[in-house]
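In: Need a 3D model of the sequence below.
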Amino acid sequence: MLGIESLSGTSAASAPPWEAAYVDVTATPNFEFENQPEQHRAVLAFIVSDPGSVCVPSWGAGYTMDSAASQLDLDRRIARLKQVGGSVVISFGGLLNDELAVRCVNATRLFEAYASVVNRYEIGTIDLDIEGAALTDASAGQRRAVAIAGLQKARIAAGRDLKVWLTLPASPTGLTQAGTAAVAQLLGAGIDLAGVNAMTMDYGASKPESLSMGDASIQTLLAVHAQLGMLFHNAGVDLSDPDVWKRMGATPMIGVNDERGEVFTLEDASTLNRFAQDRGIARMSMWSANRDRTCRESAAAPTVVSSFCSGVEQSGATFASVLGAGFDGQPQVATATAAATLQHSGAATLSAPAAHDAAAHDAAAHDAAAHDPAAHDPVADDPATSPYSVWSAAVAYPIGAKVVWHRNVYVAQSSTMGDVPDASLVGKTASAWTLLGPVLPGEHPSPTPATQQDR
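Out: This next block holds a predicted model:
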């Protein structure tokens with residue numbers, strides 16, 4: 001267990017409030033979180049147990065991290081967001097699949113699973129979205145608390161911080177009994193909890209019919225505030241009312257909610273934002289960025305929940321801009337190498353081969369860069385280290401073709417020949433290409449499928 005004194009830090013009080021919408025990474029069509037104007041933060045959801053190997057992290061039980069990199073280009077898109085000064089938070093859990101601690105019962109492997117995600121994506125903030133069966137599983141909660149406490153301690157020892165947010169279902173009467181127990185477990189393990197993010201959505205019978213969704217959200221946050229003050233007190237930390245608000249977040253489900261008749265409007269968003277600004281809430285999120293647009297008339301009615309539109313008329317406005325007004329900070333970002341973190345085990349000890357493999361991976365990437373002439377020139381393209389062919393004005397490219405140009409990867413949005421991929425980036429007309437992100441360290445050319453003659 002970490003010392004309880006770790007909870008008394010002032011990091012939460014000093015950090016500026018931030019806004020980041022959840023992005024359903026595996027939903028189709030893919031949401032281009034890396035290319036949203038003025039939206040340079042995202043909470044990517046959800047990392048869960050892989051169905052075939054329960055201690056292996058997966059995206060939505062459908063993609064391993066490696067397959068997400070190849071099929072969704074996720075690593076490159078995250079790198080692109082960071083390239084423009086943005087940051088990502090990774091969310092573990094959600095309602096539909098098994099959060100890692102539910103099925104991975106080996107302490108060392110569970111620690112390694114969490115650490116592998118944090119290190120691969122080089123993040124400084126994680127979100128634990130605990131709901132459904134995972135919330136009532138006390139044994140899973142204890143495993144999770146010990147593993148995350150160890151990971152946070154390991155990162156601090158390596159000179160890096162790890163902000164931990166806990167996202168929980170809530171109602172106008174506050175967190176459920178299981179929810180307060182989850183908070184107590186994390187605090188009891190010595191975790192310096194950045195905050196608790198209340199899901200102000202899907203109230204059902206707990207919301208009086210007379211309350212708007214905005215006012216219900218306010219009542220929910222007031223109730224959670226009272227609970228958190230007591231939970232921190234019970235953990236040995238007395239926070240002032242303003243400091244408790246600085247350890248809170250809010251996440252509404254925009255537009256039509258899962259509960260019949262519940263609709264969170266842009267007016268509700270404005271109501272919630274004003275209250276959050278007034279009280280000094282640290283975080284604002286929403287479910288989800290994928291849904292932040294008006295549905296086509298034929299796609300959904302106000303009584304139908306869609307995964308790619310809100311179900312309400314937005315008239316060109318976005319929930320992100322209304323909810324996020326005044327939330328100008330950034331989540332904690334990472335600053336050190338992955339290998340440095342892996343060498344500090346915290347509550348669980350990584351096996352020597354695991355630490356050696358991580359260090360070897362970093363060394364290989366360093367050696368590759370040392371032998372790559374383009375590594376010393378940020379815009380020089382080298383076919384030997386480019387994952388796709390270098391763009392040529394003499395080649396006709398079909399829709400969906402990927403090329404490398406000036407150390408970035410582009411995808412063709414239409415059949416094209418002679419259109420310079422980065423033309424739109426230097427003030428020219430709209431390009432036939434979309435920028436996916438930078439060429440990543442250690443990448444090599446994609447294998448070319450064998451022809452019949454090759455066989």
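In: Now the longest helix seen in the chain: buried residues?
Out: Scanning the chain for the helix with the most residues, using DSSP state H, yields helix 213-234. By neighbour count on 16 or more other C-beta atoms under 10 Å, the buried set for helix 213-234 is 213-221, 223-225, 227-229, 231-232. Using the backbone N, CA and C atoms, a C-beta is placed for each residue, glycine as well.
In: ditto for stretch 191-198
Out: 191-198.
In: And stretch 176-191, by the same measure?
Out: 176, 178-191.
In: quick check, nearest of those residues to Ile126?
Out: Ile191 (10.9 Å; C-beta to C-beta).
In: I'd say the closest one and Leu151 touch.
Out: No. Applying C-beta atoms under 8 Å as the test, Ile191 and Leu151 come out as separate, 9.5 Å apart.
In: Inside helices: which ones of the buried residues of stretch 176-191?
Out: 178-188.
In: Turn those residues into TSV, including pLDDT and distance to Gly141.
Out: Below are these laid out as TSV (pLDDT from 0 to 100; distance: C-beta to C-beta, whole Å):
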residue	pLDDT	distance to Gly141
Ala178	98	9
Gly179	98	11
Thr180	98	12
Ala181	98	7
Ala182	98	6
Val183	98	10
Ala184	98	9
Gln185	98	5
Leu186	98	8
Leu187	98	12
Gly188	98	10
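In: before we move on, the earlier item: taking the buried residues of stretch 191-198 one by one, which sit in helices?
Out: Per DSSP H, those never map to helices.
In: Can you pick out the most distant pair from those?
Out: Taking C-beta to C-beta, the two most distant members of those are Asp192 and Ala198; they sit 19.4 Å apart.
In: Tabulate the CA atom coordinates of the longest helix of the chain in PDB.
Out: Taking C-alpha atoms only, helix 213-234 is exported to PDB below (Å, rounded to 0.1, in the frame of the first residue of the first chain):
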ATOM      1  CA  MET A 213     -31.600  17.000 -17.800                       C
ATOM      2  CA  GLY A 214     -29.500  20.000 -17.100                       C
ATOM      3  CA  ASP A 215     -31.000  20.600 -13.600                       C
ATOM      4  CA  ALA A 216     -30.800  16.800 -12.900                       C
ATOM      5  CA  SER A 217     -27.100  17.000 -13.800                       C
ATOM      6  CA  ILE A 218     -26.600  19.800 -11.200                       C
ATOM      7  CA  GLN A 219     -28.500  17.900  -8.500                       C
ATOM      8  CA  THR A 220     -26.300  14.800  -9.300                       C
ATOM      9  CA  LEU A 221     -23.100  16.800  -9.000                       C
ATOM     10  CA  LEU A 222     -24.200  18.400  -5.700                       C
ATOM     11  CA  ALA A 223     -24.900  15.000  -4.200                       C
ATOM     12  CA  VAL A 224     -21.600  13.500  -5.500                       C
ATOM     13  CA  HIS A 225     -19.800  16.500  -4.100                       C
ATOM     14  CA  ALA A 226     -21.100  15.800  -0.600                       C
ATOM     15  CA  GLN A 227     -20.200  12.100  -0.900                       C
ATOM     16  CA  LEU A 228     -16.700  12.700  -2.100                       C
ATOM     17  CA  GLY A 229     -15.900  15.100   0.800                       C
ATOM     18  CA  MET A 230     -16.800  12.400   3.200                       C
ATOM     19  CA  LEU A 231     -14.900   9.700   1.300                       C
ATOM     20  CA  PHE A 232     -11.700  11.700   1.200                       C
ATOM     21  CA  HIS A 233     -12.200  12.500   4.900                       C
ATOM     22  CA  ASN A 234     -12.500   8.800   5.700                       C
END
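In: between it and helix 177-188, what angle do the directions make?
Out: 40 degrees (axes from the mean of the first three to the mean of the last three C-alpha atoms, to 10 degrees).
In: Helix 213-234: how far from the chain's middle?
Out: 24 Å (C-alpha atoms, centre = their mean, to the nearest Å).
In: Quickly name whichever of the ones in helices among the buried residues of stretch 176-191 is closest to Ala380.
Out: For those, the nearest to Ala380 is Leu186 (47.7 Å; C-beta to C-beta).
In: How about the closest one: what's its closest non-neighbour residue?
Out: Ala145 (5.1 Å; C-beta to C-beta, 6 or more residues apart in numbering).
In: can you pull the pLDDT of the one you found?
Out: Reading off the confidence values, Ala145 has pLDDT 98.
In: my read: it touches Gly188, true?
Out: Yes. The pair formed by Ala145 and Gly188 meets the contact definition of C-beta under 8 Å, at 7.0 Å.
In: Helices along the stretch 251-400 of the chain, start to end?
Out: 266-279, 319-323, 338-342, 352-370 (DSSP state H, counting those that start in this stretch).
In: which residues sit against the second one?
Out: Among residues not part of helix 319-323, those counted as contacts by C-beta atoms under 8 Å, 6 or more residues apart in numbering are 19, 21, 38-39, 252, 254-255, 266, 269-270, 272-273, 284, 286, 289, 292, 310.
In: at 7 Å instead, please
Out: Identification of contacts with helix 319-323 by C-beta atoms under 7 Å, 6 or more residues apart in numbering yields 19, 21, 39, 254, 266, 269-270, 272-273, 284, 286, 289, 292.
In: can you put the residues you listed in TSV and add distance to Ala432 and neighbour count?
Out: Conversion of the contacts of helix 319-323 to TSV gives the following (distance: C-beta to C-beta, whole Å; neighbours: other C-beta atoms under 10 Å):
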residue	distance to Ala432	neighbour count
Glu19	33	25
Ala21	29	27
Gln39	24	21
Ile254	33	32
Leu266	35	20
Ala269	36	27
Ser270	39	15
Leu272	41	27
Asn273	38	23
Met284	36	26
Met286	33	30
Ala289	26	24
Asp292	26	24
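In: Tell me the one among the residues you listed nearest to Asp422.
Out: The closest of the contacts of helix 319-323, once distances to Asp422 are taken by C-beta to C-beta, is Gln39, at 21.6 Å.
In: got a list of what the closest one touches?
Out: Counting by C-beta under 7 Å, 6+ apart, Gln39 has contacts Ala320.
In: Now with 10 Å, please.
Out: Shown in contact with Gln39 (C-beta atoms under 10 Å, 6 or more residues apart in numbering): 19-21, 23, 33, 81, 86, 289, 292, 318, 320-321, 324.
In: quick one, domains of this structure?
Out: 4-323, 374-438 (automatic domain parsing).
In: With adjacent residues omitted, what lies nearest to Ala69?
Out: Asp75 (4.4 Å).
In: for Gly86, same thing?
Out: His40 (3.2 Å).
In: Isn't that neighbour up against Gly329?
Out: No. Using C-beta atoms under 10 Å, His40 makes no contact with Gly329, being 11.4 Å away.
In: more crowded one of the two?
Out: His40 (17 against 14; other C-beta atoms under 10 Å).
In: shaky segments in the stretch 201-350 of the chain?
Out: 297-303, 335-350 (pLDDT under 70).
In: let's see it at 80
Out: Flagging of the stretch 201-350 of the chain using pLDDT under 80 yields the residue ranges 297-304, 334-350.
In: Report how many residues lie close to the closest residue in space to Arg283 that isn't next to it in sequence.
Out: Nearest non-adjacent residue to Arg283, counting by C-beta to C-beta, 6+ apart: Gly249, 3.2 Å away. Gly249: 27 surrounding residues under other C-beta under 10 Å.
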